[in-house]
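Q: Please work out how this folds:
(one chain, ligands or ions: 1)
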Amino acid sequence: MLCEEKGRLLDAYVTAADHHAQAVQSRSIIAAKDIRTAFRKALAHSEQARQDAEEARLALHLHSKTHGC
Ligand SMILES: [Zn+2]
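A: The predicted structure follows:
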């Protein structure tokens, strides 16, 4: 015999469990996006540092050439 209250509680549990699963999935997607954002920032930073180093190397080279030192 089906208990009406048990059926209601089961429905509520299924709904809550499904909601939890969706929340965990959303969190995982956000975490993955954050990793990509952090990676892009790290990549952009390393590229900027590479350009800065190249400009500094060129400035040193030009100075040595014109200054003869
Ligand atoms: Zn010099």
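Q: quick one: low-confidence parts of this protein?
A: Scanning the chain with the threshold set as pLDDT under 70 gives 1.
Q: now the helices: where do they sit in it?
A: For the chain, applying DSSP state H gives helices covering 4-67.
Q: and it, which residues reach the ion?
A: Listed as neighbours of the ion in the chain under the rule Cβ under 5 Å from the ion: 67, 69. All C-beta spots, glycine's among them, are computed from the backbone N, C-alpha and C.
Q: one more time with 6 Å
A: Taking Cβ under 6 Å from the ion as the criterion, the chain approaches the ion at residues 63, 67, 69.
Q: Might one say that the last one is in contact with residue 62?
A: Read that as residue 69. No - using Cβ atoms under 8 Å, residue 69 makes no contact with residue 62, being 11.8 Å away.
Q: Those two: who's more crowded?
A: Neighbours were tallied for residue 69 and for residue 62 using other Cβ atoms under 10 Å; the higher tally belongs to residue 62 (10 against 6).
Q: I'd like to check which residues are in contact with the more buried one.
A: Residue 62 makes contact with no residue, according to Cβ atoms under 8 Å, 6 or more residues apart in numbering.
Q: what separates it from residue 34, distance-wise?
A: For residue 62, the distance to residue 34 (Cβ to Cβ, to the nearest Å) stands at 42 Å.
Q: go on, residue 44?
A: 16 Å.
Q: What of residue 42?
A: From residue 42 across to residue 34, the span is 12 Å (Cβ to Cβ).
Q: same question, residue 59
A: 37 Å.
Q: now swap in residue 56 and tell me
A: If you measure residue 56 against residue 34 using Cβ to Cβ, the figure is 32 Å.
Q: What of residue 69?
A: As judged by Cβ to Cβ, residue 69 and residue 34 stand 49 Å apart.
Q: cool, and residue 40?
A: 11 Å.
Q: same check, this time on residue 50
A: Per Cβ to Cβ, residue 50 is found 24 Å from residue 34.
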